[in-house]
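In: from the sequence below, what's the structure:
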Amino acid sequence: MKVLLVNGSPKEKGCTYTALSEIADTLTKYQIESEIFHIGKGAQQGCTGCNKCGHADTCVLGGDTYTQVVAKMEGADGIIIGSPVYYAGPTGTICALLDRVFYSSGGKFKHKPAAAIVVCRRGGASSAFDRLNKYFTISEMPVVSSQYWNCVHGHTPDDIRKDLEGLQIMRTLGKNMAWLLKCINTGEQPPEAEARVSTSFPDGL
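Out: Sure thing, here's the model as predicted:
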């Protein structure tokens with residue numbers, strides 16, 4: 001079993017990486033393989049709403065990072081997305097990428113356990129955390145929780161290592177992810193899905 005941890009920070013080995021590493025180390029202790037994938041510093045194309053992915057089964061705008069992330073998420077048993085907090089939200093880069101990933105390929109991740117973590121110097125963690133979780137809850141992905149909202153505080157990696165409560169939250173998240181993956185691995189099948197219903201109200205309401 002394997003968990004993909006996506007580092008949505010422009011800094012490859014910064015605060016977000018430090019928090020994700022705490023989770024990865026915990027997963028290792030529970031015999032769960034993990035990979036931290038850094039999306040890089042490059043700009044990411046946002047979704048243009050062209051809807052061509054509905055026919056192509058992939059985002060026609062492409063891009064190496066998009067292609068890699070979709071393939072790695074498909075190959076993983078569990079997914080964790082991490083981001084620093086910018087203006088009380090995740091980075092624009094990770095949101096632009098995930099908008100395309102989930103709009104074009106969200107159905108491929110159905111029933112995969114997922115979690116989000118955020119890193120902030122001081123404020124904005126809850127709203128950033130909420131934003132990332134919405135990708136999972138619209139895609140029928142079980143959201144893995146911890147003993148508190150999944151955030152750590154600090155301005156540098158050394159600060160993160162001093163946030164003992166935050167690191168414990170990361171470890172608890174790792175334990176819960178490992179536990180859920182092992183439960184799923186017993187072979188219990190997910191419930192059969194109903195046909196998707198889409199409600200549109202008449203004009204003028």
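
In: can you list contacts of the helix ranked longest in the chain?
Out: With secondary structure taken from DSSP state H, the chain has its longest helix at helix 164-184. Outside of helix 164-184, the residues within contact range by Cβ atoms under 8 Å, 6 or more residues apart in numbering are 1, 3, 19-20, 22-27, 30-32, 77-78, 80, 111, 113, 115, 117, 142, 144-154, 160-161. (Glycine included, C-beta is placed from N, CA and C.)

In: so which of those residues are in helices?
Out: Per DSSP H, the contacts of helix 164-184 map to helices at A19, L20, E22, I23, A24, D25, T26, L27, I160, R161.

In: can I get the helix or strand bottoming out on mean pLDDT in the chain in CSV, CA atoms only?
Out: When the helices and strands of the chain are scored by mean pLDDT, DSSP states H and E, helix 53-56 comes last with a mean of 91. Output of helix 53-56 as CSV, limited to C-alpha atoms (Å, rounded to 0.1, in the frame of the first residue of the first chain):
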residue,chain,number,x,y,z
CYS,A,53,-12.1,16.7,-20.6
GLY,A,54,-15.6,15.2,-20.6
HIS,A,55,-14.8,13.6,-24.0
ALA,A,56,-11.1,13.2,-23.7
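
In: how close does the residue nearest the centre of the chain get to K52?
Out: Nearest to the mean C-alpha position of the chain, counting by Cα atoms, centre = their mean, stands I81 at 2.6 Å. In this view, I81 and K52 are 25 Å apart by Cβ to Cβ, to the nearest Å.

In: just A88 next, same as before
Out: 32 Å.

In: and Q68, how many neighbours?
Out: 13 (other Cβ atoms under 10 Å).

In: sec struct for it, please.
Out: For Q68, the assignment made with DSSP: H, G, I helix; E, B strand; the rest coil gives helix.

In: list the residues that contact it.
Out: F37.

In: redo that, cut-off 10 Å
Out: F37, I39, G40 (Cβ atoms under 10 Å, 6 or more residues apart in numbering).

In: closest one to R100 out of the residues you listed, please.
Out: Within the contacts of Q68, proximity to R100 (Cβ to Cβ) peaks at I39, which comes in at 12.2 Å.

In: isn't the closest one right up against L4?
Out: No. In this structure, I39 is not within contact of L4 by Cβ atoms under 10 Å, at 11.8 Å.

In: many thanks, have a good one.
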